[in-house]
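Colleague: how would this look folded up:
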Amino acid sequence: EFEKTSAKTCAHRTSSGAPSVACAGEMDVQAPAAFLRQKSEQRRLHAEKRLAERRGSIRARTEQEAEENCSAAHKRIPHGKSKYSRSDVLRLKQVFDEYDADGDGYVTIVELREALEKQKWKAQRYEGRPKTLKERQAAAGVGTGD
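Modeller: Residues are numbered from 1 along each chain as shown. Purely as a prediction, here's the structure:
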């Protein structure tokens, strides 16, 4: 295609049909420019193709992960079979409800910060005498079992 471009751009020919010496400079400027435009277009198309392949790969991987997460979420633990005790679950629910100030089912950064500051304040408060073990356990909600 390099020669086709040069033949189209040069009107001055020798008797053998080759470009004349006067047109050699013109051929060198115009033909490489067309060649560079073609190469640039090929690179652009190749880059677009690679980008489309990457996006397709990411989309497929994301769909597969979503499908795996969905199927894992639908697996049920048989009733009464949990790796956590009922009292642990209830305690975690109680703590979550304390942290979730507006009751929307989510703990925001602001709610978490306020709850932690409140706990810090409670932990630093000193009533003048050390608490007994039973008082500390009662405050923490832990039974001694007596």
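
Colleague: can you pull out the strands in this protein?
Modeller: Per DSSP state E, the chain carries no strands over any range.

Colleague: where are the low-confidence patches of it?
Modeller: For the chain, applying pLDDT under 70 flags the ranges 1-31, 72-80, 126-127, 143-146.

Colleague: in it, which helix has the most residues?
Modeller: helix 24-74 (DSSP state H).

Colleague: quick one: list the elements packing against that one.
Modeller: Applying 3 or more C-beta pairs under 8 Å, 6 or more residues apart in numbering; DSSP states H and E, we find helix 24-74 packed against helix 2-9. C-beta: built from backbone N, CA, C; applies to glycine.

Colleague: I'd like the distance between R91 and Q64.
Modeller: According to C-beta to C-beta, to the nearest Å, R91 stands 37 Å off from Q64.

Colleague: who's more crowded, those two?
Modeller: Between R91 and Q64, counted using other C-beta atoms under 10 Å, the more crowded position is R91 (15 against 10).

Colleague: hang on, that one packs against E98?
Modeller: No: in this structure R91 lies outside contact range of E98 using C-beta atoms under 8 Å: 10.8 Å.

Colleague: dump the residue contacts of the closest residue to D102 other than its chain neighbours.
Modeller: Spatially, and ignoring its direct neighbours in sequence, D102 is nearest to E111 (7.3 Å; C-beta to C-beta, 6 or more residues apart in numbering). By C-beta atoms under 8 Å, 6 or more residues apart in numbering, the contact set of E111 is Y99, D100, A101, D102.
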